[in-house]
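A.B. asks: Next input, structure requested:
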Amino acid sequence: MVALADDPANLPYVRRRIHPALGVLPGVVVDVWTQIGLAEQERRRAWLIRHRRTPPHLLGVPEELIELAGLRVTEWSLPPDVSSISLVVQQRPRPGGAD
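C.D. replies: Below you'll find the predicted structure:
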């Protein structure tokens, strides 16, 4: 992802270097806050306080480019008390137009 963040023209390089898992589609998935451990929740809160954005959002690689590269990236869900404005992935429209 860093190579793509540096220059989207690195797409062919990234595609050559990855080894996709069988049966796993590329793209961005969001994990579930309540399913991660307390230590990881605390680590993420500290990161968000320090950087104000998640690592994938900080790199700024568009979802489409991640998919084209064949990467599978886990985006963080946010703590319930943190606004979702900093996460591009969580700003996507929900299926069926629900808010």
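A.B. asks: pLDDT on the helix or strand where residue 16 lies, on average?
C.D. replies: Counting by DSSP states H and E, the element that carries residue 16 is helix 11-17. Averaged over helix 11-17, pLDDT sits at 95.
A.B. asks: Identify all contacting residues around that helix.
C.D. replies: 3, 4, 65, 68, 69, 70, 71 (CB atoms under 8 Å, 6 or more residues apart in numbering). C-beta here means a position set from N, CA and C on the backbone, and glycine is covered the same way.
A.B. asks: which residue sits closest to residue 73, ignoring its sequence neighbours?
C.D. replies: residue 28 (5.0 Å; CB to CB, 6 or more residues apart in numbering).
A.B. asks: And what about that neighbour, helix, strand or coil?
C.D. replies: Assigned by DSSP: H, G, I helix; E, B strand; the rest coil, the conformation of residue 28 is strand.
A.B. asks: Just to check, it is in contact with residue 57?
C.D. replies: No. Using CB atoms under 8 Å, residue 28 is not in contact with residue 57, being 10.3 Å away.
A.B. asks: where exactly do the strands run in the protein?
C.D. replies: 27-30, 72-75 (DSSP state E).
A.B. asks: can you list contacts of the first one?
C.D. replies: I take that to be strand 27-30. If you take CB under 8 Å, 6+ apart as the criterion, strand 27-30 is touched by 56, 63, 66, 67, 72, 73, 74, 75, 76, 77, 89, 90.
A.B. asks: how about low-confidence regions in this protein?
C.D. replies: By pLDDT under 70, the weakly predicted segments of the chain are 84-99.
A.B. asks: Centre-most residue in it?
C.D. replies: residue 75 (2.9 Å; CA atoms, centre = their mean).
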